[in-house]
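**Q** Any chance you can model this:
(one chain, ligands or ions: 2)
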Amino acid sequence: MDLEAVCKRSLVHAKPQGLILQYGTAGFRTDAQHLDHIMFRMGLLAVLRSKQTGSTIGVMVTASHNPEEDNGVKLVDPLGEMLAPSWEEHATCLASAEEQDLPRVLAAIVEKEAVDLLQTAFVVLGRDTRVTAFRPSSEKLSQSVIDGVTVLGGQFHDYGLLTTPQLHYMVYCRNSGGRYGLATVEGYCQKLSKAFIELTKQVSCSGDGTRSVKVDCANGIGALKLKEMAPYFSQGLSVQIFNDGTGGRLNHLCGADFVKSQQKPPRGMEMEPGERCCSFDGDADRIVYYYCDAAGHFHLIDGDKIATLISSFLKELLLEIGESLNIGVVQTAYANGSSTRYLEEVVKVPVYCTKTGVKHLHHKAQEFDIGVYFEANGHGTALFSEAVEVKIKRLAQELEGEKGKAARTLANIIDLFNQAAGDAISDMLVIEAILALKGLTVQQWDALYVDLPNRQLKVKVVDRRVISTTDAERQAVTPPGLQEAISDLMKKYKLARAFVRPSGTEDIVRIYAEANSQESADSLACEVSLAVFQLAGGIGERP
Ligand SMILES: CC(=O)N[C@H]1[C@@H](OP(=O)(O)O)O[C@H](CO)[C@@H](O)[C@@H]1O
Ligand SMILES: [Mg+2]
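**A** Residues are numbered from 1 along each chain as shown. Ligands and ions are numbered 1, 2, ... in the order given. I've put the predicted structure just below:
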C-alpha cells in the first residue's frame with residue numbers, strides 16, 4: 001500500500017475540514033457538492049474490502065429518492081448484499097479522517113480486518129442519472145471513486161449507468177462463478193425476460209391482446225433501463241413510460257416515495273379508471289402500484305400488498321407441487337396492521353418484524369427456505385435458499401402433469417426475482433406475471449384486504465439520538481415517559497397502533513399511527529407528535 005501516493009492523490013479530493021458524515025442506512029447521502037472526498041475514500045475502502053474477501057466489490061453512486069441536488073454512495077458486498085456492519089464503521093472512520101490522519105486510519109483498517117495487501121482487488125461501479133444545475137454529478141463523482149480504486153492498485157470495471165439493483169446483480173453474478181447469471185446488462189435483461197416470457201406464455205390470451213402497464217420512472221435511471229429492456233419482454237407485456245427524464249426533474253412530484261408518502265398519483269401520469277399503474281423511485285429499487293376507480297378515487301397498493309400477493313402465490317405453488325417448505329414474510333413496524341393480520345390469519349404464513357432498513361429485512365429473510373421481504377414503501381424481493389432452488393429446478397424437470405407445471409412456474413419465478421436486492425423492474429415483472437397467471441385485476445388484488453387508515457408525520461428535535469427503541473422499533477425506551485404517553489394515547493382509539501423512531505436518513509423523528517378511521521389515525525399521529533415534541537426536545541413549530 002503506497003500511502004504516500006494515496007496522501008498525494010487525496011489532496012485532489014481534499015476533505016472539507018471538520019465535515020463529518022456517517023455511513024447510514026443507505027450509505028452516505030448529502031448535497032453532491034460535499035461528496036468528492038467521500039467518493040475517493042470509498043474507492044480506497046472498496047479495494048481493501050475486495051482484498052479481504054477475495055471477491056469483487058460494488059460501488060453505486062446514487063441518492064435514490066433524494067432531491068436532485070443530493071447524491072450518495074454505497075458499497076455492495078460479495079453476494080450482492082449491503083456492506084457488512086463492521087465495514088460501515090470503517091467507512092465512517094475513513095470518511096471522517098482529516099487529511100493528515102488518512103494513512104493511520106487506512107493502516108488501522110488493514111490491521112483490524114487482517115487484509116492481505118498482496119491480494120488483487122476488483123471493483124465494479126454503477127451510477128444513476130443525477131446532474132446538478134451546472135455539471136453532471138454522478139458521472140464526476142464516480143470518476144473520484146475510480147481515482148481511489150486505482151491509487152491503491154485495484155482493477156475496476158465501470159458499468160456506467162445502471163439501476164442500483166442491476167449493480168447488486170452484477171456483483172452477485174461475478175462472485176458466483178456465473179451460477180447466478182451473466183454479469184452484463186444483456187445478461188440481466190435476458191435472464192429476467194426469459195423467465196417472464198416462460199411464465200406468461202401459459203396464459204391464454206383472452207382476446208385483449210398484450211397486457212400493458214403504465215410506469216412512472218421518477219425521471220431517473222429506471223426510465224433508461226426499462227426502455228432498454230422492454231424489447232426483450234415485449235411479447236408478454238407492453239410498458240408505457242411516464243416521467244422518463246426528458247421533461248421533469250428527478251423525484252420531483254413523482255416516483256415511488258412521493259406516491260407512497262403523499263398517497264396521490266405522480267405528476268404527468270395519465271390514469272384511466274381501472275388501469276394498472278406503478279411508480280419506481282430514482283434508482284429503481286422500489287415500486288408501488290396504484291389505480292383510480294370509476295369515481296376518480298386513487299387507490300395505493302404498497303409494499304405490504306405486494307408481499308401478500310407474492311407470498312400467497314408462492315404458498316399456492318408449493319401446495320400444488322406437494323412440497324412443504326419453510327416460508328416466512330418479513331416486514332417492519334411500518335407494515336399496515338391489516339396486512340400482518342391477513343398474512344397470518346388468511347395466507348397462514350409466519351410474519352416477522354425487523355428494524356427499518358432493507359439490510360435487516362434481507363438478513364432475516366435468509367433464515368427461511370423461502371423468505372419474502374418488503375418495506376411498506378415498496379422495497380423488497382424474495383430469497384430462495386440454494387437447496388430450494390436446486391430442488392425446485394430438479395422437480396421442474398422430473399414432475400409431470402399439474403405438479404410439473406407448478407414446479408416449472410416456481411422455477412421461473414425464482415429466476416425472475418433479483419435475489420441480490422429489491423428491484424423495481426424485476427418486482428414489476430413478477431407482479432405482472434402473477435396477476436396474469438391468476439387472472440386477477442388490479443381491483444381484485446387491492447381487495448384482498450382493506451388497509452387500516454394511517455398517518456406518518458415528522459418532528460424536529462434538538463438531538464434525535466435521545467430517542468431509543470426496542471422490539472423492532474415498536475417501543476420507545478428513552479426518553480423517560482414517552483412510551484407511557486404513547487400507550488395512553490393509543491387507548492383512546494380503536495384498532496390503534498403508534499410508534500416513533502429517529503430516522504436513519506434525515507435529521508428528524510418519524511411518527512407512525514394507524515387506527516380504524518382516518519380521522520382517528522390523523523389525530524393519534526398528531527397527539528403522539530406533540531408528546532415527542534414535549535418529551536424529546538422538539539424545536540421549531542409545535543405540532
Ligand atoms: C419510513 C420509511 O419509509 N423509511 C425509509 C427511510 O429510512 P428512515 O431511517 O426512516 O429515514 O429510508 C430508508 C433507505 O431508503 C428505507 O429503507 C426506509 O424504509
Ligand atoms: Mg432507492
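**Q** Residue of the stretch 1-150 of the chain closest to ligand 1, please.
**A** Proximity of the stretch 1-150 of the chain to ligand 1 (CB to the nearest ligand atom) peaks at residue 26, 4.1 Å away. Backbone N, C-alpha and C define where each C-beta goes, glycine included.
**Q** And the host helix or strand of residue 388, what's buried?
**A** Element membership for residue 388 (DSSP states H and E) is helix 386-398. Within helix 386-398, the residues that qualify as buried by neighbour count (16 or more other CB atoms under 10 Å) are 388-389, 391-393, 395-396.
**Q** do stretch 174-185 as well
**A** For stretch 174-185, by 16+ other CB under 10 Å, it's 174-176, 180-183, 185.
**Q** which residues sit against the helix or strand hosting residue 373?
**A** Per DSSP H and E, residue 373 falls inside strand 370-374. Strand 370-374 has contacts (CB atoms under 8 Å, 6 or more residues apart in numbering) with 303-304, 306-307, 310-311, 314, 318, 325-331, 358, 361-362, 364-365, 380-385, 388, 422.
**Q** Which of the residues you listed are buried? Put it as a ChimeraX command.
**A** Those of those that count as buried under 16+ other CB under 10 Å are selected in ChimeraX with:
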select :303,304,306,307,310,311,314,318,325,327,328,329,330,331,358,361,362,364,365,380,381,382,383,384,385,388,422
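**Q** next SSE after the lowest-mean-pLDDT helix or strand in the chain?
**A** The helix or strand of the chain with the poorest confidence is strand 28-31; it has a mean of 90 (mean pLDDT, DSSP states H and E). Where DSSP H and E defines the elements, the next helix or strand beyond strand 28-31 is helix 36-53.
**Q** what helices or strands is that following helix leaning on?
**A** Identification of packing neighbours for helix 36-53 by 3 or more CB pairs under 8 Å, 6 or more residues apart in numbering; DSSP states H and E yields helix 3-10, strand 56-61, strand 70-76, helix 85-96, helix 102-112, strand 122-127, helix 138-151.
**Q** residue contacts, the nearest residue to residue 298 once chain neighbours are set aside?
**A** Distances taken as CB to CB, 6 or more residues apart in numbering put residue 292 closest to residue 298, at 5.3 Å, once the chain neighbours are dropped. Contacts for residue 292 (CB under 8 Å, 6+ apart) come out as 265, 271-275, 298-299.
**Q** make it 7 Å
**A** 271, 273, 298-299 (CB atoms under 7 Å, 6 or more residues apart in numbering).
**Q** what do you get for residue 79?
**A** Residue 79 neighbours (CB under 7 Å, 6+ apart): 172, 175.
**Q** Double-check that it belongs to a helix.
**A** No: counting by DSSP: H, G, I helix; E, B strand; the rest coil, residue 79 is located in no helix; its state is coil.
**Q** tell me the phi and psi of it?
**A** With angles defined as degrees, to the nearest 10, residue 79 sits at phi -90, psi 20.
**Q** if we can go back for a sec, and the pLDDT for the residue nearest to residue 298?
**A** Confidence at residue 292, expressed as pLDDT, is 97.
**Q** any idea how far it lies from ligand 1?
**A** Separation of residue 292 from ligand 1 (CB to the nearest ligand atom, to the nearest Å): 24 Å.
**Q** The closest residue to residue 504 other than its chain neighbours - how many residues pack around it?
**A** Leaving aside its chain neighbours, residue 504 sits nearest to residue 25 (3.8 Å; criterion: CB to CB, 6+ apart). By the criterion of other CB atoms under 10 Å, residue 25 has 17 neighbours.
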